[in-house]
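Student: Predicted model and sequence follow; I will ask about them next.
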Amino acid sequence: MAEDLQGGGAGGPQHPVPSASHSSFPEYELPELHTRVFHVGSFGELWRGRLGAQDLSLSEPQAAEQPTDGGASNDGFEDAAVASDLGCSLEAAAELRVVCGLDKLRCLGEDEDPEVIPENTDLVTLCVRKGLLDYREENITIDRACRQEIFAYEMESHALGKKPENPADMIEEGECILSVNILYPVIFNKHKEHKPYQTMLVLGSQKLTELRDSICCVSDLQIGGEFSNAPDQAPEHISKDLYKSAFFYFEGTFYNDRRYPECRDLSRTIIEWSESHDRGYGKFQTARMEDFTFNDLHIKLGFPYLYCHQGDCEHVVVITDIRLVHHDDCLDRTLYPLLTKKHWLWTRKCFVCKMYTARWVTNNDTFAPEDPCFFCDVCFRMLHYDSEGNKLGEFLAYPYVDPGTFN
Amino acid sequence: MDIDAEREKITQEIQELERILYPGSTSVHFEVSESSLSSDSEADSLPDEDLETAGAPILEEEGSSESSNDEEDPKDKALPEDPETCLQLNMVYQEVIREKLAEVSQLLAQNQEQQEEILFDLSGTKCPKVKDGRSLPSYMYIGHFLKPYFKDKVTGVGPPANEETREKATQGIKAFEQLLVTKWKHWEKALLRKSVVSDRLQRLLQPKLLKLEYLHEKQSRVSSELERQALEKQIKEAEKEIQDINQLPEEALLGNRLDSHDWEKISNINFEGARSAEEIRKFWQSSEHPSISKQEWSTEEVERLKAIAATHGHLEWHLVAEELGTSRSAFQCLQKFQQYNKTLKRKEWTEEEDHMLTQLVQEMRVGNHIPYRKIVYFMEGRDSMQLIYRWTKSLDPSLKRGFWAPEEDAKLLQAVAKYGAQDWFKIREEVPGRSDAQCRDRYIRRLHFSLKKGRWNAKEEQQLIQLIEKYGVGHWARIASELPHRSGSQCLSKWKILARKKQHLQRKRGQRPRHSSQWSSSGSSSSSSEDYGSSSGSDGSSGSENSDVELEASLEKSRALTPQQYRVPDIDLWVPTRLITSQSQREGTGCYPQHPAVSCCTQDASQNHHKEGSTTVSAAEKNQLQVPYETHSTVPRGDRFLHFSDTHSASLKDPACKSHTLMKERPKQPLLPSSRSGSDPGNNTAGPHLRQLWHGTYQNKQRRKRQALHRRLLKHRLLLAVIPWVGDINLACTQAPRRPATVQTKADSIRMQLECARLASTPVFTLLIQLLQIDTAGCMEVVRERKSQPPALLQPGTRNTQPHLLQASSNAKNNTGCLPSMTGEQTAKRASHKGRPRLGSCRTEATPFQVPVAAPRGLRPKPKTVSELLREKRLRESHAKKATQALGLNSQLLVSSPVILQPPLLPVPHGSPVVGPATSSVELSVPVAPVMVSSSPSGSWPVGGISATDKQPPNLQTISLNPPHKGTQVAAPAAFRSLALAPGQVPTGGHLSTLGQTSTTSQKQSLPKVLPILRAAPSLTQLSVQPPVSGQPLATKSSLPVNWVLTTQKLLSVQVPAVVGLPQSVMTPETIGLQAKQLPSPAKTPAFLEQPPASTDTEPKGPQGQEIPPTPGPEKAALDLSLLSQESEAAIVTWLKGCQGAFVPPLGSRMPYHPPSLCSLRALSSLLLQKQDLEQKASSLAASQAAGAQPDPKAGALQASLELVQRQFRDNPAYLLLKTRFLAIFSLPAFLATLPPNSIPTTLSPDVAVVSESDSEDLGDLELKDRARQLDCMACRVQASPAAPDPVQSHLVSPGQRAPSPGEVSAPSPLDASDGLDDLNVLRTRRARHSRR
């Protein structure tokens, strides 16, 4: 937390500061994995201190200004700025502009279609893209965007550039946006390999509880109890109402949700457990989730942390990115935490009709071929009850909340 | 250690070596090994070079020492000890030592590496490991952090469960892990099978092997030869057993389904723990065991499955599986069944569903992505494909309909050019707002490059005509395929044009005179409506895309029909209407299900209601207004028309204050279609010239079009109807110039009226008065008066001449003529009678049309019915007092009514005016029924009814039975609504009924009661359609709130005619003769009608009122059982189920007995009173069938008819059902009737039962057909409304007029012809009922 601004290099991770255990900016501890611990708020401060007003501004840039008008004078001005910045002569600056100018970034001729990938490219990304397109070409049956693709695209773009209706909801300039990946607990077997997750954008000034409230997990919606004897008995309480405790774990600290009287300290068992032996963890601390914003946190980017709720529903949380808000972002702060990616989970269908979403799961079922076995309401009742509503055979029936629908 | 010191030491050693060498070294070897060891141990500090440098000098000495040391011992003796050999040896040893050195340096490097590693391990993560990035520590993978996040570093076990977890576990909330299901793969199945076999085998062999072992052991110990032999034998046996076991077939080894196996072992060993023992066991036992057939289902098996499942009520699948006997599991059976279960998925989309889907989509969509799979969770009975189609093809608000804009066409063409005329889903994207189907249609039909537009040349025409001849009219696609450059629709329209031309030519030769142009539109409307009638199968669904062409065509078509009035479509054509209507009803239009036409009209009405905020009544009213015109125009002889116009003017002069508004309205109507809608122009020109040619082809093909047309017309009419209320601002041009009339709208006028009405004239006041003075005497008087009037006679003669029943149409016209007249008279009468300005005015509206026509006929039918109603009601009320339940209900309802009424009171000026027309309509409807009966009980009457009551006559031909309802229904709702709207109006309803008589009390009461119900129901419009009550039923029902509830909410069928004497005959072709006979004596029938109580010919009346009901209510609103009875709900339910109800053996179903409080007592008594008459009719029927001509003396004929019935209907389920119903309704009353009034217990007299049965039979066969239909309806409905015991209750409404006194009941002489079976039944049921009590 030391505000040790490292001379001129404070702006980026390219100047490693090995000594500092807590730095104010992200720095890679293990390359490509995660950074060292840093303080989110002070990192934002650094940025704001470095950048000018027009860099931070969220208003639309005047498009007309740049390209055409007074090209020469503009160039001269820029050259002078560069020269003074770099301490070189004006000629050198002008040469720099020619050599490293924006024009040089253009790699295609005027009439070339950027959609067409040239045959003999040695650019890796292009190759990858080409490979993917080829694969798609080969495997697709109907030539149109599949629903998953549309879904992913829409999720990503639905809030882009949105302006708040009420100006008071405008995001402040220089606000940090953190991308948070929240993994689902393993729900299906196939996810042993590929971990499904959702991505949220959260503002640095938002409280942890805001993120907590916006995480949607099926286990919050589950309904307890065995209802084979009275399937009509409407189970009224979902788990969310019954079990309100939750915690985030970041860098040795448990942030417990204590907003409601019925919230419990879920971290206690872990701390006790850890302290009873040497488990390889250091000393844990606890804090109240509602007291902390993301700006207050010390985190490593890319490091797997934990969100735990419903007793034992554990979501690994990875903060993958941190950046300043941009005028193309969704600027309505009420929409944050903003969900931008969501894994597409399949709904579980009734094992009988294979048509409707399952609503019941049975165990030890006399009639069911598998254990557990899933049923939609209609088939469940047809198979398990007689005309009077009496139970037939032996089974345990639990209401099933479909992750595909509700996650 | 210091290097210098070491060097020192080494040099010392070297020196020493040198010293030693000279005498011949022995210790050198040791030295070297030592040095290597030491270098090993202190490798880090000792640089290689050091060693090298240190070692190098040594080498040579070592080599020599070596040579002299070890190997020389033996060799020394052999080798010459000359320097030569020494040198050689030295070289060899040097070589060896060099190798050793390399080895050592390698080891050193290894060691260093290891040390580094150890150091790294010790320093932990903090030490960056730059060397190799690929071997990351395991904990750097995300999987390492998955549950449990916190792990012990040694054991990897997480912390103990926290409280919440534990609590949840006890709650039974499952963790995701518990819900994991892994599909069983093929190899797993095979493995399972194999492991079961091996387990089994092992289990069998184990003891044998043990035994064998034991025997062997024993054998080895045994000494005596004898024992040994015995043992050997045993061993052999055991071996043989083992052999046998080994040779057991696999099937045997698999064992029974529920055999126990060592599942734990299978799980852990065979499956290596991949699946739990329990899971494996379950899967084996209930799915994988070979005793469960996994073959494909054959079709017959599926059929059988369906049948068996049905017998089990689609439940208890284990029994089904057992019965099926093809070794399927219950699960499999259900699975298969569901696969073929059509009811599992919903079909037609209801409005609510559409609404819901729209809402869900709006809430859940993410940009363009609509998560159907999630939405489907909330849409019961739908799968996601249905949602997709519904949304993308129908509901999506961005979808455009109607004409294509040129830009759209351009886009489409562009897209087609891009993708070709195939990938319509891609093309769709380029043409925003159009679905793929639309694009395709548009392109293929209109824009295709090869399509030729413009005039047809002669050759093409020629070709077309030829092709039409070849393929027949209607196969346009095929025709078009052979006709280059023309599309099917082009062919169609061309053909129409051609046909029209022909028509025109013929017309010119002088056909019937056309009406003035002003009326032409009315003519068209009538014809269109008529063709509705012919379009028996027109479905309720929309045929939205009617092009002008189609419209024209249908118009023409209808025209074509007009000349054809005497040709009525085959009976088959119109029979199915009911079924179809039931469908349409299900479609959620929520309208009157009976007739498509009606439904659509009501639909429109409802729409109108919603959209324009004006009352729906207007539609109904409209209809009525239109009716007269239509009928007239259709009349072949032109004279009617004039007549009509007269009436028109007469009506104008009517004292009613409203008349001016009416006038305004009327002219507009006729004009409307022609002037306003572009579609109609075709009428005027082409209308008259059409030929019957068209008739046949159209009949089957153009139903839809017709309907669409009809809708349009309706809309126009609706618009027109609305105008007077709103004041026509835009449509000034449509107003006839000659009516100066007023600028006022109807609403205004009514408002004015209301304002000037004083207390004495308010309906409320009259209501009060009438409540207080109920005078029966007055009623009787009226009745008598009516009786005295000459019987209305419709031209029965005309009927007789015609061979076919249905040609009644001509009759119908006549009837219509007379009907209105009656009403007119009535209204006039009333007006004069009571001097209520408002009412009068209301009526006048209706009257104008009818009055003129009315001249010939007396008004009696109408008033009579009303009076009957009143009387009935009063009687029933008194009766009800006895039955506490009923009374309680009544009171309840009465009490509640005001409360409910309040909300509806909002009526704005708009609302209240409506009342006028509404009431009038009621009146109209009422008269209809009686008239029809009286005039010609046979086929003709329905037609008349229709025409008189509403413009729905379209149905004329199709639905001979129903029409009366329609009329009444349409009317009734109007009345109700009016009531609901304006509290003041309520009494008017009462007046209506009472008009003739003074006593209205009961009706007034009834109306308020009705209202709440109506209000309560969710959608006004639907309801309005529903209450099908003609005047009669209204009254009767109103007295019995219970009925009402049923009817309004869903149980229209309730009123299935208990006794339809005459009307039925219409249906059966055989009866024609009968009718002919009857008709000649019209005097008789009217008499009946007029004097229900006296003549006791209640049946004819009843039927009309009650026939209405068969229309099943479309709503599925849950039945409020508490409205039915005050008993506990469960009791009612069981009663409704009719478990202990009436039962006629061959039928499986039972019907609940009706409490006598539901007026079946009276009905019974009236039945009995009518018995003779009925018998007579029945016998005549039988006679006519048998002999044809003269009716035999009664007894014989009756006998014959009974036999006939017995013969023909014994196995007819409809008949049986009827019978059951009859029993259900009347057995209790009959029983009660046998009890003397003073409640002295008596034994049951068999007579009564007999009587009732015989009656039932008589009536039964007459009604049979009708009933059968109703049953059909019921069947349809049963599914829709779970608790629909309704049909039974219809009888409640039956028009018994008097409280049955036991004496009366017993009076009729017993019939000998009763069959014993029925007797038994009656007795049994009676007893059952008794015991229940």
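Tutor: Yep, that arrived. As the structure is a computational prediction, the values presented were derived from the model and not from experiment.

Student: elements contacting the biggest helix by length in chain B?
Tutor: Using DSSP state H to define each element, chain B has its longest helix at helix B:83-123. Applying 3 or more C-beta pairs under 8 Å, 6 or more residues apart in numbering or on different chains; DSSP states H and E, we find helix B:83-123 packed against helix B:28-41, helix B:48-69. Using the backbone N, CA and C atoms, a C-beta is placed for each residue, glycine as well.

Student: Mind pulling the model confidence for B:S810?
Tutor: Listed pLDDT for B:S810 reads 38.

Student: same thing with the one 3 residues further on?
Tutor: Per-residue confidence at B:K813 stands at 40 (pLDDT).

Student: where does the residue of the stretch 1-150 of chain A found nearest chain B land on pLDDT?
Tutor: When scored by C-beta to the nearest C-beta, the stretch 1-150 of chain A has A:I150 as its residue closest to chain B, at 4.9 Å. According to the prediction, A:I150 has pLDDT 83.

Student: now B:Q171
Tutor: 75.

Student: Look up phi and psi at the closest residue to it other than its chain neighbours.
Tutor: Spatial nearest neighbour of B:Q171, excluding adjacent residues (C-beta to C-beta, 6 or more residues apart in numbering or on different chains): A:G224 at 3.6 Å. Backbone geometry at A:G224, expressed as degrees, to the nearest 10, gives phi -90, psi 160.

Student: any weak-confidence spans in the stretch 201-350 of chain A?
Tutor: A:234-236 (pLDDT under 70).

Student: Break down the stretch 1-150 of chain A into its helices, ranges please.
Tutor: All helices of the stretch 1-150 of chain A, identified by DSSP state H, counting those that start in this stretch, fall at A:40-50, A:53-56, A:71-86, A:90-100, A:124-139, A:147-157.

Student: residues contacting A:C88?
Tutor: A:V82, A:L96 (C-beta atoms under 8 Å, 6 or more residues apart in numbering or on different chains).

Student: which SSE is A:P164 in?
Tutor: Using DSSP states H and E, A:P164 is not contained in any helix or strand.

Student: Could you report the neighbour count for it?
Tutor: Neighbour count for A:P164, taken as other C-beta atoms under 10 Å in any protein chain shown: 15.

Student: what about the nearest residue in space to it that is not next to it in sequence, neighbour count?
Tutor: Excluding the flanking residues, the one nearest A:P164 by C-beta to C-beta, 6+ apart is A:D332, at 3.7 Å. For A:D332, the tally of surrounding residues (other C-beta under 10 Å) stands at 17.

Student: you'd agree A:D332 is up against A:G161?
Tutor: No - look at A:D332 against A:G161 with C-beta atoms under 8 Å: they stay out of range, at 10.2 Å.

Student: So for residue 101, what pLDDT did the model give?
Tutor: Since no chain was named, I'll use chain A. Taking A:G101 on its own, its pLDDT is 76.

Student: switch to chain B, that's the one I care about
Tutor: 93.

Student: Kindly state the beta-bridge partners for the spatially most central residue of chain A.
Tutor: Note on chain A: the residue nearest the mean C-alpha position is A:T199, at 2.2 Å, using C-alpha atoms, centre = their mean. When bridges are called by DSSP bridges, A:T199 pairs up with A:N181, A:K341.

Student: Average pLDDT for stretch B:419-428, rounded please.
Tutor: 77.

Student: distance between the ends of that stretch?
Tutor: This stretch, stretch B:419-428, spans 11 Å end to end (C-alpha to C-alpha, to the nearest Å).

Student: and it, which residues are buried?
Tutor: The neighbour-count check on stretch B:419-428 (16 or more other C-beta atoms under 10 Å in any protein chain shown) flags B:A421, B:D423, B:W424, B:K426, B:I427, B:R428 as buried.

Student: Which ones among those residues also lie next to chain A?
Tutor: Near chain A, judged by C-beta under 8 Å from any C-beta of the partner chain, the entries from the buried residues of stretch B:419-428 are B:D423, B:K426.

Student: Same list (the buried residues of stretch B:419-428) but as JSON lines, adding secondary structure.
Tutor: Output for these, formatted as JSON lines (DSSP: H, G, I helix; E, B strand; the rest coil):
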{"residue": "B:A421", "secondary structure": "coil"}
{"residue": "B:D423", "secondary structure": "coil"}
{"residue": "B:W424", "secondary structure": "helix"}
{"residue": "B:K426", "secondary structure": "helix"}
{"residue": "B:I427", "secondary structure": "helix"}
{"residue": "B:R428", "secondary structure": "helix"}
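
Student: which pair in the buried residues of stretch B:419-428 spans the largest distance?
Tutor: B:A421 and B:R428 (13.0 Å; C-beta to C-beta).

Student: Count the neighbours of A:Q148 for me.
Tutor: Using other C-beta under 10 Å, the number of residues around A:Q148 comes to 11.

Student: residues touching it, list them.
Tutor: A:W344.

Student: That one and B:H369, how far apart?
Tutor: 9 Å (C-beta to C-beta, to the nearest Å).

Student: shared neighbours of these two, anything?
Tutor: In terms of C-beta under 8 Å, 6+ apart, A:Q148 and B:H369 are not both contacted by any residue.

Student: part of a strand, is A:A397?
Tutor: Yes - checked against three-state DSSP, A:A397 lies within a strand.

Student: ok, so what distance separates it from chain B?
Tutor: 10 Å (C-beta to the nearest C-beta, to the nearest Å).

Student: tell me the contacts of that residue?
Tutor: Shown in contact with A:A397 (C-beta under 8 Å, 6+ apart): A:E226, A:F227, A:S228, A:P231, A:W360, A:V361, A:T362, A:F380, A:H384.

Student: picking up where we left off before, return the set of residues that bridge with the residue nearest to A:P164.
Tutor: A:M170.

Student: chain center to stretch A:324-335: distance?
Tutor: 15 Å (C-alpha atoms, centre = their mean, to the nearest Å).

Student: Report all helices and strands that whichever helix or strand B:V1133 is part of contacts.
Tutor: Using DSSP H and E, B:V1133 falls within helix B:1129-1137. If you count contacts as 3+ C-beta pairs under 8 Å, 6+ apart, helix B:1129-1137 packs onto helix B:1121-1124.

Student: How about the contacts made by B:H289?
Tutor: B:L254, B:R257.

Student: do B:G454 as well
Tutor: Neighbours of B:G454 in contact, by C-beta under 8 Å, 6+ apart: none.

Student: per-residue pLDDT, it?
Tutor: 70.

Student: Repeat that for A:E388.
Tutor: 83.

Student: same deal with B:D409?
Tutor: pLDDT at B:D409 comes out at 83.
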